[in-house]
Each structure stands twice: as C-alpha cells, then as structure tokens.
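need coordinates for the below:
(one chain, ligands or ions: 2)
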Amino acid sequence: MANEEEVLVEVRGLTKAYAANRRVVDDVSLSIRRGETLGLVGESGSGKSTVARMLLRLIEPTAGQVRYAGLDLLKLGSHELRVMRRRMQIVFQDPYASLNPRMRVREILAEPFAIHGEKPAEGLTARLEEMVRAVGLEASALDRFPHAFSGGQRQRINIARALALKPEFLVLDEPVSALDVSVGAQVVNLLRELQQKHGLTYLFISHSMPLVRYLCDRIAVMRMGRLVEMGDCDAICTSPKEEYTRQLIAATPEMPVAG
Ligand SMILES: Nc1ncnc2c1ncn2[C@@H]1O[C@H](COP(=O)(O)OP(=O)(O)O)[C@@H](O)[C@H]1O
Ligand SMILES: [Mg+2]
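Ligands and ions are numbered 1, 2, ... in the order given. Predicted structure coming up:
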C-alpha cells in the first residue's frame, strides 16, 4: 500500500447490487496513485463502468467506501460534492451520444465554465481556442456542430470538455473502443501527452490488453463483478497469475501503437 500522500483515490469494499442476490460489483478494493494510469480491464459486463460511476459518485454504491484526496466522497454534501466534481471528470465510450447535436462546439466547451460560474483569466474566447488546439483541432472547430466531425475528432472534443476546468483525475471509460484502431491510437497518444503536460491521474477502462499495456502503470482485472488480479502492468501482461487474465491477453492480438 502506497502512503497517503501518493494515493489520490482509494476504494474499499465497493459493492453494487441491483437485486438482492445479484451483485454486479462485489467487494472491489483498489487505489490509484497521483500521476499514474491504472488500467481497469475485463470482458464486457464484468462491472468496469459500474465501478467507475460509483467512484465518481455518479451512482451510489450499495456498500463500500470511496476516499478521494483523503476525503470520504460518499459523505460529502451537495455543495462539497460540486466543488469536488471539478477535480474529477469522465470521458465515455460513445463519441456520438456524448455531444449535444444542437450545440456548437463553442457552446459545448463553454458549458463547464457556465455550470461552475467560472470565468477563465485569459477570457473565454481565448481559453476555448486554447482548449481545441490542445486536443489537435483548429480554432475554426468552435463554430461547427458535432455532426461535422469524425468519431476521433468528437472524442477529442469530449476530452477538451473534460479538461475545461483543469481537473486532476480523469476516468476514461473505453474512450477509443468505438474508434478505428489507428484513430484510437492517435487519441491514446493525445491522452498520454496531456497526462504528461498536466500531471493527470487516469483510470483507463478497456478490454484491449495491448492498449492497456501501452498506457498503464498498473492494472486491475475484473471478472463478474470481482477483482481477480491487480498489480504492475508489465508483470501481469507477461506472466498473468489467473487463467482469466491469460484469456483476455490471448483474445486481443498485438497492436503496436506508434509512440
Ligand atoms: N442500472 C442497471 N440495472 C441493472 N443492471 C445493471 C445496471 N447497470 C449495469 N447493470 C449490469 O451490471 C453488469 C455490469 O455492467 P457494467 O458495469 O456496464 O460492465 P462493463 O462496463 O464491464 O461492461 C452488467 O451485467 C449490466 O447488465
Ligand atoms: Mg462499460
């Protein structure tokens, strides 16, 4: 166990049951250190997104604890939670469903500032231009609607929005699973650059072992709501202890990502 200062997120005994005898997440404990990327892997339906949503308190756990920067997230009142929410953001899998088709990119990216009643020091226009450039798009993107963009570009817009209020922690819930491999690789490289530049902490959810291996420091492997294996990413990828992990690795072919 890393010491308190290094740990940003600590989860103990996290459990979610939708029916009395069906726990979709069962007694999950893990910690995420500042500045690292923790990979959360497992086949579809194993409970990854449910863990992520409980961790951000987007859904309430049935049992368990979430500590964020030393605070008990589940005990925070609505105001405190709102303040905390600025520090943690999520990027979802589907780049088509996650952008409002009736809003221009300018409005989409300005929304977090409006919601939190914040004015960027450099002025909103300058900040919005900086935000789109930071994810590899032109400033002219601000005046377009989401339909003008490809899936990869939309995911870049989602990332820009997630970073609007300069959070320290991002949950990336299969952010490239809906994209072509080469487009996804570019988005993953962007995520890596942004992490280095801003010292971000990531929870990276994926079912692609090669991607996880490329991006993550440590991984946690989920199966049917339970954590079956957790540890150093290279160690687990080269010599998994669990047969289930071995199968996950075997299920996805090598996919080199240009650095
Ligand atoms: N709101 C819900 N009500 C009932 N069951 C749910 C709900 N959300 C998720 N589940 C179930 O929980 C399990 C885990 O889902 P999920 O966390 O989305 O898995 P993953 O992200 O690993 O694919 C699945 O069997 C799913 O059907
Ligand atoms: Mg999911």
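
could you dump stretch 93-106 to PDB, C-alpha only?
The C-alpha trace of stretch 93-106 is given here as PDB (Å, rounded to 0.1, in the frame of the first residue of the first chain):
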ATOM      1  CA  GLN A  93     -17.100   5.400 -24.900                       C
ATOM      2  CA  ASP A  94     -19.600   6.700 -27.400                       C
ATOM      3  CA  PRO A  95     -18.400   9.900 -29.100                       C
ATOM      4  CA  TYR A  96     -21.700  10.200 -30.900                       C
ATOM      5  CA  ALA A  97     -24.000  10.100 -27.900                       C
ATOM      6  CA  SER A  98     -21.900  12.300 -25.700                       C
ATOM      7  CA  LEU A  99     -22.100  15.600 -27.600                       C
ATOM      8  CA  ASN A 100     -25.300  17.600 -27.900                       C
ATOM      9  CA  PRO A 101     -26.000  17.700 -31.600                       C
ATOM     10  CA  ARG A 102     -27.800  21.100 -31.300                       C
ATOM     11  CA  MET A 103     -24.900  22.900 -29.700                       C
ATOM     12  CA  ARG A 104     -21.900  24.300 -31.500                       C
ATOM     13  CA  VAL A 105     -18.500  23.200 -30.100                       C
ATOM     14  CA  ARG A 106     -18.100  26.700 -28.700                       C
END
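
how about residues contacting that stretch?
By Cβ atoms under 8 Å, 6 or more residues apart in numbering, the residues outside stretch 93-106 that reach it are 91-92, 108, 111, 128, 132, 141-147, 151-152, 154-155, 157-158, 173-175, 177-179. Any C-beta I mention is one placed from the backbone N, CA and C, and that applies to glycine too.

could I get the buried residue list for that stretch?
Buried positions in stretch 93-106, judged by neighbour count with 16 or more other Cβ atoms under 10 Å: 93, 94, 95, 98, 99, 104, 105, 106.

how far does that stretch sit from the chain's center?
Relative to its parent chain, stretch 93-106 has a centroid offset of 17 Å by Cα atoms, centre = their mean, to the nearest Å.
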